[in-house]
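Q: Have a look; sequence and predicted model below, questions after that.
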2 protein chains.
Amino acid sequence: MTGDFRRAHSSAPPAEPIEGEQKGPDVGTRLRELRKMHGLSQRELAKRAGVTNGTISLIEKNSISPSVGSLKKVLDGFPISIADFLTLELKPRKKVFYQAKELREIASGAVSFRLVGRDTRGRAIQMMHERYAPGADTGDEMLSHTGEECGIVVAGVLELTVGGEVRRMVTGDAYYFDSRLPHRFRNPGTVDCVVVSACTPPSF
Amino acid sequence: MTGDFRRAHSSAPPAEPIEGEQKGPDVGTRLRELRKMHGLSQRELAKRAGVTNGTISLIEKNSISPSVGSLKKVLDGFPISIADFLTLELKPRKKVFYQAKELREIASGAVSFRLVGRDTRGRAIQMMHERYAPGADTGDEMLSHTGEECGIVVAGVLELTVGGEVRRMVTGDAYYFDSRLPHRFRNPGTVDCVVVSACTPPSF
DNA sequence: GTCATTTGTTTAGGATACTCAACAGCTTTA
DNA sequence: TAAAGCTGTTGAGTATCCTAAACAAATGAC
């Protein structure tokens, strides 16, 4: 059996191939490279981890998708956490001043997001001038992404939901939270709501 | 069969129990809480993820340890990466919402800096609500420190000097620069100037 | 050269993960 | 009072993971 686990069991019909893992190499390749960086053989790692060398081999060849428990056991042989393992990296003067009209509109309609700077590449912060029309909403679907974000309400009223907690915020109020917590913005008022926000790293 | 996967298969003899997962709740609890934060039922999530509701149930009860492939499929239903999922702080100790009066004043007088959050430790961004009285100035001495900073003028007029370049900015205008460049803020107008700014890393 | 070690790979079979479908409990609608 | 809708749980069967052991190839010792 030289199966490829990406076929994702026998579930969805054709089931489009699962992406490797965020960006970067797949689990098997990551493990192999990390193991070699540590100068270990499959058997040495297997012994430390309390699994068999065959398991290491199968994982590295992507012949199987290890269970979370097994992967943790294997990585404990280094040791390294699963999160670190999956995100590990294996391998002058810009424009300063922007006129209001130069802010780049990246979401027009009931919700307007105007970005400071043409693009966020090479920048640590993404700052935006946001405007929500009455009733406007970032969507039924909760947002969620890596990073941190904060903002101050400059005008109007903002209803902010973060990790299940809902709060009504008025002019001058502010927020700060981990962007991985599901969140949602909505204007429950009758006039435009304006917010200045910042997040890191840039997510658009 | 109500097995507990922590017994880690039939490998190592007693095999001390595998720790939940780094710090914080185990995979099952994390999944359950995250799912509820998103307001989804087991069946809804299962449908999005392309697995059965039974699988979600078994994972959440820690009756099984899902394979990495399966866990990824499940988390794609939100979506969120495995790494973020495992490091997510479920119970945010940090305060998220701040009333205007709660912003911490860190520079009173002609210049007022009001910080979002009591302190910036453990945070990636320092956001401030700044107010400059007419004629107010950050000082004859140019500022300079590591990091990046940006802001949007919310009211009044701001004269900003960065790396020798002086610019008059009005409501709605914005800036972004490397904080190592010497810089200075001044209000050349006759009414208060209000700015919302953000910088990283926090420098106070 | 032969033997001993080490390497990674592969096979068979038992252990576990996963699906399908049935089940019980709760809420809403008729 | 069903009846239909939802919720999460669970049992039986199948697909997959994981181990134990055998294997071939490469390396080093003598």
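A: That came in fine, so what should we check first?
Q: Next, the contact list for A:Leu34, please.
A: By C-beta atoms under 8 Å, 6 or more residues apart in numbering or on different chains, A:Leu34 lies in contact with A:Phe78, A:Ile80, A:Phe85, A:Leu88, A:Leu90. Yep, even glycine has a C-beta here, placed from its N, CA and C like the rest.
Q: What about chain B: which of these touch it?
A: With the criterion set as C-beta under 8 Å from any C-beta of the partner chain, no member of these is near chain B.
Q: Widest-spaced pair of these?
A: Greatest spacing in the contacts of A:Leu34, by C-beta to C-beta: A:Phe78 and A:Leu90 (14.2 Å).
Q: Of these two, which one has the most company?
A: The neighbour count for A:Phe78 versus A:Leu90, taken as other C-beta atoms under 10 Å in any protein chain shown, is higher for A:Phe78 (18 against 10).
Q: Wait, the more buried one touches A:Met37, no?
A: No. A:Phe78 is beyond contact range of A:Met37, at 9.3 Å (criterion: C-beta atoms under 8 Å).
Q: For DNA strand C, see how far away A:Val116 is.
A: Distance, A:Val116 to DNA strand C, using C-beta to the nearest atom of the strand, to the nearest Å: 44 Å.
Q: OK, contacts around that residue?
A: Contact analysis of A:Val116 by C-beta under 8 Å, 6+ apart lists A:Tyr98, A:Leu103, A:Gln126, A:Met127, A:Met128, A:His129, B:Cys150, B:Ile152, B:Ala174, B:Tyr175, B:Tyr176.
Q: Count residues in the vicinity of A:Thr161, would you?
A: For A:Thr161, using other C-beta under 10 Å, the count is 19.
Q: Just give me the neighbour total for the nearest residue to A:Ala49 once chain neighbours are set aside.
A: Leaving aside its chain neighbours, A:Ala49 sits nearest to A:Gly77 (3.7 Å; criterion: C-beta to C-beta, 6 or more residues apart in numbering or on different chains). By the measure other C-beta under 10 Å, the count of residues near A:Gly77 is 19.
Q: I figured A:Gly77 hits A:Arg43, correct?
A: No. Look at A:Gly77 against A:Arg43 with C-beta under 8 Å: they stay out of range, at 11.3 Å.
Q: Briefly note if the lengthiest helix in chain A comes near DNA strand D.
A: Secondary structure assigned by DSSP state H gives helix A:27-37 as the longest helix of chain A. No. Remark: helix A:27-37 sits outside contact range of DNA strand D, by C-beta under 7 Å from any atom of the strand, the gap being at least 10.4 Å.
Q: Pull out the buried residues from that helix.
A: A:Val27, A:Gly28, A:Thr29, A:Arg30, A:Leu31, A:Arg32, A:Leu34, A:Arg35 (16 or more other C-beta atoms under 10 Å in any protein chain shown).
Q: A:Val191 contacts A:Ala133, doesn't it?
A: No. Using C-beta under 8 Å, A:Val191 is not in contact with A:Ala133; the gap is 9.2 Å.
Q: Neighbour count for those two, which is higher?
A: A:Ala133 (15 against 11).
Q: before we move on, the earlier item: which of the contacts of A:Leu34 scores worst on pLDDT?
A: When these are compared on pLDDT, A:Leu90 comes out lowest, with 61.
Q: returning to what we had before: gap between the residue nearest to A:Ala49 and A:Ala46?
A: Between A:Gly77 and A:Ala46 the computed distance is 8 Å (C-beta to C-beta, to the nearest Å).
Q: my read: A:Arg180 touches A:Thr146, true?
A: Yes. Contact status for A:Arg180 versus A:Thr146: in contact at 6.2 Å, counting by C-beta under 8 Å.
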